[in-house]
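*Asks:* would you be able to build a 3D model of this:
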Amino acid sequence: IRVGMGRGSGAGSLVAWSLKITDVNPITNGLLFERFLNPERVSMPDFDIDFDPDDRERVIEYVRVRYGHERVTMISAFGRILSKSAIDLAARSIALSGGNGTGDVQISGFNDTSRVRSFIPEGPGADSSLNTLISEIPEFKAMVDEDAKIRLLIKAAMLVEGLHSHQTKHAAGVVIGGDDLYKMFPVIRDRKEMSLMSAYDMKGTESVGAVKFDFLGLKNLSIIKLSLTLMREAGITEDIDMSFNDDGVYALLREGLTQGVFQFSSAGMVNALQLVRPDKFAEIVAILALYRPGPMKYLDSFAARKLGREKVIYPLARYAVSNKTVDMTKEGAIEFSREHGLSDIIQDIEQADTLDDLVKSSAERLNEVALSQGKTLRDNPSWPKVGNKMEETMSETYGYFIYQEQVMQVARDAAGYTYAGADMLRRAMGKKIREEMARQKSIFIEGCANNGVSEYDATTLFDDIERFADYGFNKSHAVAYAVVCYQT
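*Replies:* Numbers count the residues shown, from 1 in each chain. Okay, here's the model as predicted:
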């Protein structure tokens, strides 16, 4: 059975890679275990595992036999009544009393709801709530305000909008327990297969402590398996190259010859490939993470930086230590100050008891002058290479924040966060809780100050990271996708 790389944050686990749960090396790909699991994480860890769709049911049946039918369940999913369905239900059920002056009651429904439905967006996931339509579309609000019959229709539809309409089986979620699962949550039988299924949905099942695995079917694995079978029948015994150094693969990608290639078949993706012209694996990963609403606006600049048409700018570059250095001893600082007319800070330097005091009192001024001479201050325990660490973390994405793991690493290098604390920062930014964000910003700026970074630069960096939080992508997930792309 052909198995995928193992997607999601679990790809950051070295143990998972060692046990062949995933096939992505977290060390060589710069993935973080703490993105997957850390002491401060509240939610349970998660593995997303792809299988050849033709054999996925065999895998689920194997798990039932291996661990026990009472200890393996699928997860329920509930369909909701969306705005269009709510309007149709309301239209079929409303009874209106007529005003013919006789006292008789006329029962009439809504034979035509097309006028109301025309305001609801088309397409998967585009169904907007009725409240949203009223607040955001003036024409819709005016129609509701002016027409009593439509107002009654919308009022009735709002009563059922969002309610569960039916129960079905989650497309991928599987729970495996160490004991009979009916002791943990209520279970039901799937009507077709009569197999066990949690009566709760995904979040409800996880909330009682169950561990969910996603067993997904990926048709590209069927394509890869069939291709390898045909190769062997033709006498070609080579397996898939996993060095990620095959120039032929990158040549095909650069030319946009990607029909049938995982994640890269669409016209938009072909354009992105031809724009960036990837020649290494890390750039495939970056394109997958960038080609989404939000970060897509940086794609042109990313390509320009990659191709040398635009200067790469790294966060906190002014705090990097170059090869051209100025002696940072107290005597050297005094001599440098005299040479460059900085007599006003010589007294401060002379009174500094330690290098740390020297940095806090005068090093920023000294460094500005040194930079103007094409030099910088010599590295020492009081002046860490914060800027150099930023460049190390951001070089593969040409100075742009693209991955959640980059936020975690920058928080650690610039502000001294633990990886667990950095993951808390990442999640706080994603949830946009004002009080928590204010607390985290204070911690971040204080941590940066301990590394010699000014409050202004620390605040600017924090704000940049906060903007990134709207579109940051899980690198572990992107790398696993990129491997399947490369294999295909």
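
*Asks:* shaky segments in the stretch 101-250 of the chain?
*Replies:* Along the stretch 101-250 of the chain, the model assigns pLDDT under 70 to residues 101-112, 123-127.

*Asks:* can you give me the strands in the stretch 151-300 of the chain?
*Replies:* In the stretch 151-300 of the chain, strands defined by DSSP state E, counting those that start in this stretch lie at 164-176, 187-189, 196-198, 212-217, listed in chain order.

*Asks:* which residue packs closest to Pro315, ignoring adjacent ones?
*Replies:* Nearest residue to Pro315, sequence neighbours excluded (C-beta to C-beta, 6 or more residues apart in numbering): Met390, at 4.7 Å. Heads up, the C-betas are built off the backbone N, CA and C, glycines and all.

*Asks:* now, of the strands of the stretch 151-300 of the chain, which is deepest in the fold?
*Replies:* Neighbour counts (mean count of other C-beta atoms under 10 Å) averaged over each of the strands of the stretch 151-300 of the chain peak at strand 196-198, with a mean of 23.

*Asks:* and that one, what other elements does it pack with?
*Replies:* Using 3 or more C-beta pairs under 8 Å, 6 or more residues apart in numbering; DSSP states H and E, the elements in contact with strand 196-198 are strand 72-80, strand 187-189.

*Asks:* check contacts around the residue nearest to Pro315.
*Replies:* By C-beta atoms under 8 Å, 6 or more residues apart in numbering, Met390 lies in contact with 314-317, 319-320, 410, 413-414.

*Asks:* just checking, which of those residues belong to helices?
*Replies:* Cross-referencing the contacts of Met390 against helices under DSSP state H gives 410, 413-414.

*Asks:* from the contacts of Met390, which single one is nearest Leu159?
*Replies:* When the contacts of Met390 are ranked by distance to Leu159 (C-beta to C-beta), Val410 comes first, at 48.2 Å.

*Asks:* how much space between the nearest residue to the closest one once chain neighbours are set aside and Gln347?
*Replies:* Once flanking residues are discounted, Val410 sits nearest to Thr393: 5.9 Å by C-beta to C-beta, 6+ apart. Here Thr393 is placed at a distance of 39 Å from Gln347 (C-beta to C-beta, to the nearest Å).

*Asks:* the two: which is more packed in?
*Replies:* Thr393 (23 against 11; other C-beta atoms under 10 Å).

*Asks:* please report how far the nearest residue to Leu253 once chain neighbours are set aside lies from Ala286.
*Replies:* In space, Leu253 comes closest to Leu273 once its chain neighbours are excluded; the distance is 5.1 Å by C-beta to C-beta, 6+ apart. Per C-beta to C-beta, Leu273 is found 12 Å from Ala286.

*Asks:* the two - which one has more neighbours?
*Replies:* The neighbour comparison of Leu273 against Ala286 (other C-beta under 10 Å) goes to Ala286, with 27 against 24.

*Asks:* got the buried residues for the host helix or strand of Glu139?
*Replies:* Assigned by DSSP states H and E, Glu139 belongs to helix 138-146. Residues of helix 138-146 classed as buried under the neighbour-count rule (16 or more other C-beta atoms under 10 Å) are 140, 143-144.

*Asks:* and for stretch 122-142?
*Replies:* Within stretch 122-142, the residues scored as buried using 16+ other C-beta under 10 Å are 127-128, 130, 133-134, 140.

*Asks:* from those residues, which is closest to Ile224?
*Replies:* Comparing those against Ile224 with C-beta to C-beta places Asp127 closest, at 35.6 Å.

*Asks:* could I get the buried residue list for the helix of greatest length in the chain?
*Replies:* Secondary structure of the chain per DSSP H: the longest helix is helix 434-450. Within helix 434-450, the residues that qualify as buried are 437, 440-441, 443-445, 447-448, counting by 16+ other C-beta under 10 Å.

*Asks:* so how far is the helix or strand encompassing Arg66 from its chain's centroid?
*Replies:* For Arg66, the host element (DSSP H and E) is helix 56-67. Centroid separation between helix 56-67 and its chain, computed with C-alpha atoms, centre = their mean, to the nearest Å, is 30 Å.

*Asks:* likewise stretch 207-214?
*Replies:* In terms of C-alpha atoms, centre = their mean, the centre of stretch 207-214 is set 20 Å apart from its chain centre.

*Asks:* contacting residues around that stretch?
*Replies:* For stretch 207-214, contacts defined as C-beta under 8 Å, 6+ apart pick out 8, 44-49, 75, 172-177, 181, 184-185, 198, 200, 202, 205-206.

*Asks:* same thing but 10 Å
*Replies:* By C-beta atoms under 10 Å, 6 or more residues apart in numbering, the residues outside stretch 207-214 that reach it are 7-8, 10, 43-50, 63, 72-73, 75, 170-178, 181, 184-185, 198, 200-206.

*Asks:* same question, stretch 303-313
*Replies:* Contact with stretch 303-313 is made by 272, 274-280, 283, 286-287, 290, 298, 300-302, 391, 394-395, 397-400, as judged by C-beta under 10 Å, 6+ apart.

*Asks:* next one: Tyr250 relative to Ile236, how far apart?
*Replies:* Taking C-beta to C-beta as the measure, Tyr250 falls 21 Å from Ile236.

*Asks:* which one of those two has more residues nearby?
*Replies:* Using other C-beta under 10 Å as the criterion, Tyr250 and Ile236 rank with Tyr250 on top: 20 against 10.

*Asks:* quick one: contacts for the more buried one?
*Replies:* Residues in contact with Tyr250 (C-beta under 10 Å, 6+ apart) are 244, 273, 277-281, 283-284, 486.

*Asks:* helices - which of the residues you listed land there?
*Replies:* Reading helices off those with DSSP H, I get 273, 281, 283-284, 486.

*Asks:* of those, closest to Val3?
*Replies:* Of all these, Tyr486 has the smallest distance to Val3: 16.2 Å, by C-beta to C-beta.

*Asks:* and that closest one, how many neighbours does it have?
*Replies:* By other C-beta under 10 Å, the residues close to Tyr486 number 20.

*Asks:* and for Asp413?
*Replies:* Asp413: 22 neighbours (other C-beta under 10 Å).

*Asks:* quick check, pLDDT for it.
*Replies:* The model reports Asp413 with a pLDDT of 92.

*Asks:* try Leu96
*Replies:* According to the per-residue confidence, Leu96 scores 52 in pLDDT.

*Asks:* let me know whether Gly430 touches Gly472 as I believe.
*Replies:* Yes: at 7.7 Å, Gly430 and Gly472 qualify as touching, with contact defined as C-beta atoms under 10 Å.

*Asks:* those two: who's more crowded?
*Replies:* Legend: neighbour count by other C-beta under 10 Å for Gly430 and Gly472, higher for Gly472 (23 against 13).

*Asks:* show me the contacts for the more buried one.
*Replies:* Contact partners of Gly472, counting by C-beta under 10 Å, 6+ apart, are 289, 294-295, 401-408, 426, 429-430, 465.

*Asks:* how about Ile176?
*Replies:* Going by C-beta under 10 Å, 6+ apart, the list of residues near Ile176 reads 63-64, 66-68, 71-73, 210-213.

*Asks:* how far away is the closest residue in space to Leu14 that isn't next to it in sequence from Glu40?
*Replies:* With C-beta to C-beta, 6+ apart as the criterion, Leu14 has its nearest non-adjacent residue at 5.5 Å, and that residue is Pro26. From Pro26 over to Glu40 the distance is 20 Å, taken as C-beta to C-beta.

*Asks:* more neighbours: these two, which one.
*Replies:* Higher neighbour count among Pro26 and Glu40: Pro26, with 23 against 12, using other C-beta under 10 Å.
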